[in-house]
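Participant: Just need the structure, nothing else, for what follows:
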Amino acid sequence: MDGRDLDAVVAGCIGIDTNIYLYGRDVDWSVEANFTQNLDYVGQAGGYSSRLFASLGCQTAFVGSVGRDPMGDLIRRELAGDGIETLLFDDPLGTHRSVNVMYADGRRKNFYDGKGQMDVRPDPDACRRLLGRSRLVHVHLESWCRHLLPVARELGVVVSCDLQDVVDLDDPYRRDFVDGADILFLSCVNFPEPRAALERLRGGRVGRIVVGGRGADGCVVADDAGVRFFPAIALPDPVVDTNGAGDALAVGFLTSHVLGGFSVDAALLRGQIAARSTCTRRATSRGLVTRFQLDDLYAQQQHSGE
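Facilitator: Below is the predicted model:
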C-alpha cells in the first residue's frame, strides 16, 4: 500500500438533513400545527463519515452525487472547508434530503429522499484512479456503489460497508455489499439478540469482521476470535442527537484498526467513544471529535476500567 496518498475514500450518500426537534414528547396528531425547532445541516452517512475521517486527521476523499442546487453548493463548500477531496457527479433530481423527527432523548424517526440514486452513475475511470490512491474505501448503500467493490478488491484496497438497519439478512439489494466487503457494519435495531445474525453475515470467512451497533446497549463484534459483546460507555455530556452515531462507530473503528494498527477490541472502544461523542452534538456534522480528543478520551476510558 506504499505510495498511496489517501487514507480513506468514502463512497455513497450525502445530503442536507432537516432535524425537527419536538418540544413535547411526541407529535400531536390531533392538531394541524406543532411548534418545533427545525435545523438544517450537511448530514447523512457520507457527510458524517467523510467529515469524521478528516477530523481524525485522515487524508480523505468523498465520491457521490449532489444536485446543481443551493444544497449541493453548500455540501461542496463544507467538504472543501474540511480539506476533503471530492469526486462529485450530478444527480438531475437534486441533492439528497432527509427529515429527522427528533425526540427529547435523542432518538429519531427518519424520512429519507435519495433522489436519483438508483439511476446515477459516476465516471468509472475517475473512480478507479481515486480508489487506486487509497488504503481504505468505506461504502454506503447507494446502488451505484456496488460497482466500486470489485474495482477496490482488484486494486488491493480494504473494503468496509455500512449495511445500516438490516431487516432481512437475505435482502438481495444488500447481497453485493455483503459479498464484497472485508468489514461490515450494521445497526442491530432489528436484532435484539444479534449473535446469529452476525455469525450469518460473517459466513465463516477468515479475516472478516462484522460490527453491530446496539445503541444504549453498546456494540457487538464477530471475527476470527468469535462473537463478543461490549457495554455502552459513559461520557459526561448527555445524549441529545443520535444522528451519525453509527457512522462514527464505523469511522472510529476503521481509523483505529485498519489505519492505526489497534486491536479489534481497542478499536471498538475507540469507535464507541467517537459515536458517543457525536451524540452530544445537535444537528451538525461539523466539529466532530479530533484525533487528540479521541486519544485523550480513550486513555480516560482505559484508566476508568482498571
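
Participant: Wasn't Tyr173 part of a helix?
Facilitator: Yes: residue state for Tyr173 (DSSP: H, G, I helix; E, B strand; the rest coil) corresponds to a helix.

Participant: Compute the number of surrounding residues for it.
Facilitator: Burial of Tyr173 is recorded as 10 neighbouring residues (other CB atoms under 10 Å). Placement of C-beta: from N, CA and C, glycine included.

Participant: what sits against it?
Facilitator: With contacts taken as CB atoms under 8 Å, 6 or more residues apart in numbering, Tyr173 has the following neighbours: Leu141, Ser143.

Participant: and it, how far is that from Val239?
Facilitator: 31 Å (CB to CB, to the nearest Å).

Participant: Please apply the same query to Lys109.
Facilitator: Taking CB to CB, one finds Lys109 at 16 Å from Val239.

Participant: what do you get for Leu149?
Facilitator: For Leu149, the distance to Val239 under the criterion CB to CB works out to 34 Å.

Participant: would you say Phe185 is within a strand?
Facilitator: Yes: assessed with three-state DSSP, Phe185 lies in a strand.

Participant: For it, list each beta-bridge partner.
Facilitator: Applying DSSP bridges to Phe185 yields these beta-bridge partners: Asp162, Val211.

Participant: Report the contact partners of it.
Facilitator: Residues touching Phe185, when contacts are defined by CB under 8 Å, 6+ apart, comprise Ser160, Cys161, Asp162, Leu163, Val210, Val211, Gly212, Gly213, Gly246, Leu249, Ala250, Phe253.

Participant: mind putting the residues you listed in JSON lines, pLDDT, neighbour count and distance to Arg270 included?
Facilitator: JSON lines is the format used below for the contacts of Phe185 (pLDDT from 0 to 100; neighbours: other CB atoms under 10 Å; distance: CB to CB, whole Å):
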{"residue": "Ser160", "pLDDT": "98", "neighbour count": "23", "distance to Arg270": "15"}
{"residue": "Cys161", "pLDDT": "98", "neighbour count": "28", "distance to Arg270": "20"}
{"residue": "Asp162", "pLDDT": "98", "neighbour count": "26", "distance to Arg270": "17"}
{"residue": "Leu163", "pLDDT": "97", "neighbour count": "20", "distance to Arg270": "21"}
{"residue": "Val210", "pLDDT": "98", "neighbour count": "25", "distance to Arg270": "18"}
{"residue": "Val211", "pLDDT": "98", "neighbour count": "28", "distance to Arg270": "12"}
{"residue": "Gly212", "pLDDT": "98", "neighbour count": "27", "distance to Arg270": "17"}
{"residue": "Gly213", "pLDDT": "98", "neighbour count": "26", "distance to Arg270": "14"}
{"residue": "Gly246", "pLDDT": "96", "neighbour count": "27", "distance to Arg270": "15"}
{"residue": "Leu249", "pLDDT": "98", "neighbour count": "27", "distance to Arg270": "10"}
{"residue": "Ala250", "pLDDT": "98", "neighbour count": "28", "distance to Arg270": "12"}
{"residue": "Phe253", "pLDDT": "98", "neighbour count": "29", "distance to Arg270": "7"}
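
Participant: tell me which of those is nearest to Asp26?
Facilitator: Each of the contacts of Phe185 was checked against Asp26 using CB to CB; the closest is Gly246, at 23.5 Å.

Participant: Got phi/psi on the residue lying closest to Glu85 once chain neighbours are set aside?
Facilitator: Closest residue to Glu85 apart from its sequence neighbours, by CB to CB, 6 or more residues apart in numbering: Ala61 at 4.0 Å. Note on Ala61: its backbone torsions stand at phi -130, psi 150 [degrees, to the nearest 10].

Participant: Check Ala61 and give its pLDDT.
Facilitator: Looking at Ala61, its pLDDT is 98.

Participant: so Glu142 sits right up against Ala45, yeah?
Facilitator: No: counting by CB atoms under 8 Å, Glu142 stays clear of Ala45, with 9.3 Å between them.

Participant: Common neighbours of the two, please.
Facilitator: Any residue near both Glu142 and Ala45 by CB under 8 Å, 6+ apart counts here, and that gives Gly12, Cys13.

Participant: And the residue nearest to Ser256 when sequence neighbours are not counted, how far from Val206?
Facilitator: Once its chain neighbours are removed from consideration, Ser256 has its nearest residue in Ala267; the separation is 3.7 Å (CB to CB, 6+ apart). For Ala267, the distance to Val206 (CB to CB) stands at 19 Å.
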